[in-house]
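A.B. asks: I need the structure of the sequence given here:
(one chain, ligands or ions: 1)
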Amino acid sequence: MPENKIWSDEELLSSGLLHRSLKVAPHMVKNATGSYIHLQDGRSILDACGGAAVISVGHGNTEVVDAMTEQLREVAYIHTSDFTTSASERLANVLLQNYRDKISKVYFVNSGSEANEAAIKMAIQYFYEQGKKNKTQFISRKQSYHGNCLGGMSLSGHIARRQPFEGIIGSNFHQVSPAYEYRYKNSYESTESYVEELAKELEDKIVELGPDNVACFFAETIVGATTGCVTAPAGYFKKIKAVCEKYDVLLVLDEIMCGSGRTGSFFAWEDEGIVPDITTAGKALSGGYCPLSAVYLNHKVVDTLASGSAAFNCGHTYQGFALSSAAGLAVREIIDRDNLLQNVRVMGTHLEKSLKQALLSSNIVGDIRGRGLFWGIEFVADKATKKPFIPSARVGYEIQKRIFARNLAVYPGFGTFDGLSGDHILIAPTFNVTEAQIDVIVQTTAEVILLFEKQFHS
Ligand code: PLP
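C.D. replies: Down below sits the predicted model:
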């Protein structure tokens, strides 16, 4: 039962719970409804990021709560080696209903990290079953994030998160350049030739490692936390997919953050004109109501795994958790019934236009990029040279803190490129956000950034 006691920061820091920071007390939440998080101190925070792009149909949705309660009364947990539930079966069918020609099956786990670990193992097993037992090398991209477990972290180019564990991070993991036009495309170069260069780099890496040794290329369709909603240049994924096919390398797209409708399409790869072999997705899938992530597999992978001798071995105690499936199903039903992907597209266009109108002339805003309701603002110390702020200034965090002081939550980040700071904030509101809420998000964000800029340049 909820307790009405008001917790002081001192009490929180000395409580038995290990918080993410040992030094700064988190904000105690009383409850949350729609797009708002209500704190015990009386403040209501407009949630413009849903944590890390998790909240899709808003907080405190009673339809989701009712569906979950009903599921709890029916059956909460079963072990998936012997049992299944109607909730998980129905969710799988709903998720695949328009994609049966492209996707054969979906596998449910609890977190994005688990989904990516499963994808790594599925890729290895896919080749193992064909007798291609050396195909165990992985290629991913610098400045990527694929999770906190050892496999995902080995794939990730998130320098800060990798650093303490470099000594034990897997040796079968290799990285190529990110597809990041704002930072790395020369101004005299066309997008086409930049894309050619990136595809060539991947091809060279596969050849260097030996095509018989490479299992897959792993990438976020839109890069989330590390560099802030970086979309790929036009044509990039088509070229990459062609390279992968040429060398019998699986293409795995990580849509844990950008998928499940966040971009206005159910899969972000739909806008790239390709279909990957494996897709991972999470976060918005169950919208923050229960941990749920998914691994989507194409026919080729499923058929090979099914014909093999070994059972697929990536079980987790809570995989296919009935309660999570009920939450995912209720979230998806609301998205479909209320035509929320259309709202994501319309509100996304409004958000993009308003952010660019308010901020593109700012001298500390280098780039504004994203798709749907998934937008990043990158900060620079020098707009002409694109020089980042020094990491110790923690500009992304500082701006996020100042925005939070005005009762608006955005997601902070400082990136990892070239050993320098790549400060940004990320805006990812609920799929049912209103135009009036977008206007508050943009106005508050712009006011804080412009004030910060004034102080920085004074
Ligand atoms: N992959 C991407 C692209 C992510 O953004 C995240 C989390 O932010 C993960 C994987 C890991 O997901 P989780 O934190 O649910 O383990």
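A.B. asks: So which residues on this structure come close to the ligand?
C.D. replies: Contact residues, the chain versus the ligand (Cβ under 6 Å from any ligand atom): 52, 111-113, 116, 145-148, 220, 224-225, 254, 256-257, 282. Quick note: C-beta positions are derived from backbone N, CA and C, even for glycine.
A.B. asks: Just the buried residues of those.
C.D. replies: Buried by 16 or more other Cβ atoms under 10 Å: 52, 111-113, 116, 145-147, 220, 224-225, 254, 256-257, 282, out of the residues of the chain next to the ligand.
A.B. asks: from the residues you listed, which is closest to residue 82?
C.D. replies: The closest of those to residue 82 turns out to be residue 111 (Cβ to Cβ; 23.6 Å).
A.B. asks: so what's the closest one up against?
C.D. replies: Contacts for residue 111 were tallied using Cβ atoms under 8 Å, 6 or more residues apart in numbering; they are 147, 282, 291, 293.
A.B. asks: cool, residue 361 as well?
C.D. replies: Neighbour list for residue 361: empty [criterion: Cβ under 8 Å, 6+ apart].
A.B. asks: swap in residue 425?
C.D. replies: 228, 376, 377, 396, 399, 400, 403, 410, 411, 412, 413, 445.
A.B. asks: Could you do residue 44 as well?
C.D. replies: 36, 37, 38, 407.
A.B. asks: Roughly how far does it sit from the ligand?
C.D. replies: Noted for residue 44: a distance of 25 Å to the ligand, by Cβ to the nearest ligand atom, to the nearest Å.
A.B. asks: what do you get for residue 36?
C.D. replies: With Cβ to the nearest ligand atom as the criterion, residue 36 and the ligand are 23 Å apart.
A.B. asks: Can you tell me the closest non-neighbouring residue to residue 286?
C.D. replies: Excluding its sequence neighbours, the residue lying closest to residue 286 (Cβ to Cβ, 6 or more residues apart in numbering) is residue 292, at 3.8 Å.
A.B. asks: I should have written residue 248 there, sorry.
C.D. replies: In space, and not counting its chain neighbours, residue 248 is closest to residue 211: 6.6 Å by Cβ to Cβ, 6+ apart.
A.B. asks: Which stretches in the stretch 201-350 of the chain count as helices?
C.D. replies: Using DSSP state H, counting those that start in this stretch, the helices of the stretch 201-350 of the chain run over 236-246, 299-307, 322-337, 340-359.
A.B. asks: Point out the most buried one among those.
C.D. replies: helix 322-337 (a mean of 23; mean count of other Cβ atoms under 10 Å).
A.B. asks: now for that helix, which elements pack on it?
C.D. replies: Judged by 3 or more Cβ pairs under 8 Å, 6 or more residues apart in numbering; DSSP states H and E, helix 322-337 is in contact with helix 62-74, helix 86-96.
A.B. asks: need the contact list for residue 205.
C.D. replies: If you count contacts by Cβ under 8 Å, 6+ apart, residue 205 has them with 139, 174, 176.
A.B. asks: swap the cut-off to 10 Å and go again
C.D. replies: 137, 139, 174, 175, 176, 177, 214, 217, 243 (Cβ atoms under 10 Å, 6 or more residues apart in numbering).
A.B. asks: Which helix runs longest in this protein?
C.D. replies: helix 435-457 (DSSP state H).
A.B. asks: Between all of the contacts of residue 44, which two are at the greatest distance?
C.D. replies: Checking the contacts of residue 44 with Cβ to Cβ, the most distant pair is 38 and 407, at 10.6 Å.
A.B. asks: can you list residues touching both of those two?
C.D. replies: Taking Cβ under 10 Å, 6+ apart as the criterion, residue 38 and residue 407 both touch 44, 45.
A.B. asks: what pLDDT does residue 421 get?
C.D. replies: Here, the pLDDT recorded for residue 421 equals 61.
A.B. asks: go on, the one 5 residues further on?
C.D. replies: What the model reports as pLDDT for residue 426 is 97.
A.B. asks: rewinding a little: neighbour-wise, which of the contacts of residue 44 leads?
C.D. replies: Using other Cβ atoms under 10 Å as the neighbour criterion, residue 37 leads the contacts of residue 44 with 23 neighbours.
A.B. asks: What residues does the residue of the chain found nearest the ligand make contact with?
C.D. replies: Here the residue of the chain nearest the ligand is residue 112; by Cβ to the nearest ligand atom that distance is 2.2 Å. Residues in contact with residue 112 (Cβ under 10 Å, 6+ apart) are 52, 145-149, 152, 224, 254-257, 280-283, 285, 291, 293-294.
A.B. asks: could you redo the last one with a cut-off of 8 Å?
C.D. replies: So residue 112 contacts 147, 152, 254, 256, 257, 280, 282, 283, 293 (Cβ under 8 Å, 6+ apart).
A.B. asks: In these, find the pair that's most separated.
C.D. replies: Using Cβ to Cβ, the contacts of residue 112 span at most 14.5 Å, a distance reached by 152 and 283.
A.B. asks: Ignoring the adjacent residues along the chain, who's closest to residue 133?
C.D. replies: Once chain neighbours are set aside, the closest to residue 133 by Cβ to Cβ, 6+ apart is residue 127, at 7.2 Å.
A.B. asks: neighbours of that neighbour, just the number please.
C.D. replies: Residues near residue 127, counting by other Cβ under 10 Å: 22.
A.B. asks: need the contact list for it.
C.D. replies: 133, 135, 136, 215.
A.B. asks: and the gap between the third one and residue 312?
C.D. replies: The gap separating residue 136 from residue 312 is 16 Å, by Cβ to Cβ, to the nearest Å.
A.B. asks: How about the first one?
C.D. replies: Remark: distance between residue 133 and residue 312 (Cβ to Cβ) = 17 Å.
A.B. asks: higher neighbour count, those two?
C.D. replies: Neighbours were counted for residue 133 and for residue 312 using other Cβ under 10 Å; residue 312 has more, 17 against 11.
A.B. asks: Next up, the contacts around that one.
C.D. replies: Contacts of residue 312 were listed using Cβ under 8 Å, 6+ apart, and they are 121, 122, 125, 305.
A.B. asks: export those to CSV and tack on secondary structure?
C.D. replies: Converted to CSV, those look like this (DSSP: H, G, I helix; E, B strand; the rest coil):
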residue, secondary structure
121, helix
122, helix
125, helix
305, helix
